[in-house]
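Q: Sharing a model that was predicted from the sequence below.
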Amino acid sequence: DGGITQSPKYLFRKEGQNVTLSCEQNLNHDAMYWYRQDPGQGLRLIYYSQIVNDFQKGDIAEGYSVSREKKESFPLTVTSAQKNPTAFYLCASSIGGTGFTDTQYFGPGTRLTVL
Amino acid sequence: AQSVTQLGSHVSVSEGALVLLRCNYSSSVPPYLFWYVQYPNQGLQLLLKYTSAATLVKGINGFEAEFKKSETSFHLTKPSAHMSDAAEYFCAVTRLNQAGTALIFGKGTTLSVSS
């Protein structure tokens, strides 16, 4: 079955550590996205990528980094510069291009907790 | 710039009652609008989307939404609530100031259904 997988489901980070969240899709989509979800705040865009080897900052990119070396993969690194990283992180993908009505498909999410 | 406002962070209904979740948008150009549903600790699933083809949009699980330009609204309704409808619902609009299909989300409305 086609879909988006995120791993791990739960992740615990100590102060000062960098951690990487995995996102893989087998939908053959060009575009991929990372959102952060906090209670009562909705989803906020961290980074997005329209094509391999290209990505852009979203609204809250500070303290995060990404790479897009393969079409299927869009890992997110939460660096020690992110002062409040505890949140639910959602990865999504869509067909891509300039299709403004394209549906975004979401992964099951990773819950990150700072100890 | 586009934005989305969801009125009411929490809505409670009885099983069998009408469900009405409110969404108002702000956009200087014709918007593309979406409703997503999220069950606890899961990713988001598309309920329906407005693509300008028809103002009344039917989605999955008996939900529908009507686009009203004069009221800048895209409210989600379901004639008869079911216990399984209890979830968090998000209204979203496509960002139109950049290439691609990144979304701007409202803060969400939690729907509770009592028996």
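A: Received, thanks.

Q: Now do the strands in the chain.
A: Picking chain A for this. A:4-7, A:10-13, A:19-25, A:31-38, A:42-51, A:54-57, A:64-66, A:76-78, A:87-94, A:105-106, A:110-114 (DSSP state E).

Q: that's the wrong chain, I wanted chain B
A: Going by DSSP E, chain B shows strands at B:3-7, B:10-14, B:19-26, B:33-38, B:44-50, B:56-58, B:64-68, B:73-78, B:87-94, B:103-105, B:109-114.

Q: Please tell me how far the residue of chain A found nearest chain B sits from residue A:84.
A: Relative to chain B, the nearest point of chain A is residue A:106 (3.5 Å; CB to the nearest CB). (C-beta placed from N, C-alpha, C; glycine too.) According to CB to CB, to the nearest Å, residue A:106 and residue A:84 sit 23 Å apart.

Q: Please identify which of these two sits among more neighbours.
A: Between residue A:106 and residue A:84, counted using other CB atoms under 10 Å in any protein chain shown, residue A:106 has the larger neighbour count: 23 against 8.

Q: ok, back up a step: hey, what's the residue of chain A closest to chain B bridged with?
A: Judged by DSSP bridges, the bridge partners of residue A:106 are residue A:92.

Q: ok, it - contacts?
A: Each residue near residue A:106 by CB atoms under 8 Å, 6 or more residues apart in numbering or on different chains is listed here: A:4, A:90-92, B:36, B:43-45.

Q: Give the buried subset of those residues as a PyMOL selection command.
A: A single PyMOL command selects the buried members of the contacts of residue A:106 (16 or more other CB atoms under 10 Å in any protein chain shown):
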select buried, (chain A and resi 4+90+91+92) or (chain B and resi 36+43+44)
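
Q: for the contacts of residue A:106, which one is nearest residue A:64?
A: Nearest to residue A:64 out of the contacts of residue A:106 is residue A:91 (CB to CB; 12.6 Å).
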